[in-house]
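*Asks:* What follows is a predicted protein model with its sequence.
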Amino acid sequence: MWDFIERSMVDSDDGEIANLNYWALWLGVIRRPEANDEFMRDRSMKGWDPVTLLRGLVDGIHQAPGFVDLYAHTVWALLETYRWLPLAAGGLLRTWRSEPLNSSMEVPCRKDPGVS
């Protein structure tokens, strides 16, 4: 999963925007049906609420143990994009931080590509 994140999203605003828009659709934050993937390129991201997306990501991480690193990266990207979000959803973030991940959901250690 780290390879996908690093190749597709890191240092790519387009990739990060597409990821956030995709999660907004996948988690039901975007309520309108989308006929194709064009919505993923929407840089305005005005079709969904960031607090609702954060809530969906926080609630969903425990339901998808194989993708915990992608959830964590997406939460990071959301917080980087909406710097005010911790003020609006601080209680939600505190709850998430205090809930332990079970052993099958540990975030794998990220390898430095320059180190062999």
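*Replies:* Yep, it's here.
*Asks:* what residues are up against the residue nearest to the spatial centre of the chain?
*Replies:* Nearest to the mean C-alpha position of the chain, by CA atoms, centre = their mean, lies residue 74 at 1.9 Å. Contact analysis of residue 74 by CB atoms under 8 Å, 6 or more residues apart in numbering lists 19, 20, 23, 57. Every residue, glycine included, has its C-beta placed from N, CA and C.
*Asks:* Which one of those is nearest to residue 64?
*Replies:* residue 57 (10.1 Å; CB to CB).
*Asks:* List the buried residues for stretch 13-20?
*Replies:* Using 16 or more other CB atoms under 10 Å as the test for burial, stretch 13-20 gives 15, 16, 17, 18, 19, 20.
*Asks:* what about the nearest residue to residue 55 once chain neighbours are set aside, neighbour count?
*Replies:* Spatial nearest neighbour of residue 55, excluding adjacent residues (CB to CB, 6 or more residues apart in numbering): residue 92 at 6.1 Å. By the criterion of other CB atoms under 10 Å, residue 92 has 17 neighbours.
*Asks:* ok, residue 92 to residue 43 distance?
*Replies:* 26 Å (CB to CB, to the nearest Å).
*Asks:* Among the buried residues of stretch 13-20, which ones are in helices?
*Replies:* Among the buried residues of stretch 13-20, the members falling in helices (DSSP state H) are 15, 16, 17, 18, 19, 20.
*Asks:* Tabulate the residues you listed (JSON lines), appending distance to residue 33 and pLDDT.
*Replies:* JSON lines is the format used below for those (distance: CB to CB, whole Å; pLDDT from 0 to 100):
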{"residue": "15", "distance to residue 33": "24", "pLDDT": "82"}
{"residue": "16", "distance to residue 33": "24", "pLDDT": "86"}
{"residue": "17", "distance to residue 33": "20", "pLDDT": "88"}
{"residue": "18", "distance to residue 33": "18", "pLDDT": "87"}
{"residue": "19", "distance to residue 33": "20", "pLDDT": "89"}
{"residue": "20", "distance to residue 33": "19", "pLDDT": "94"}
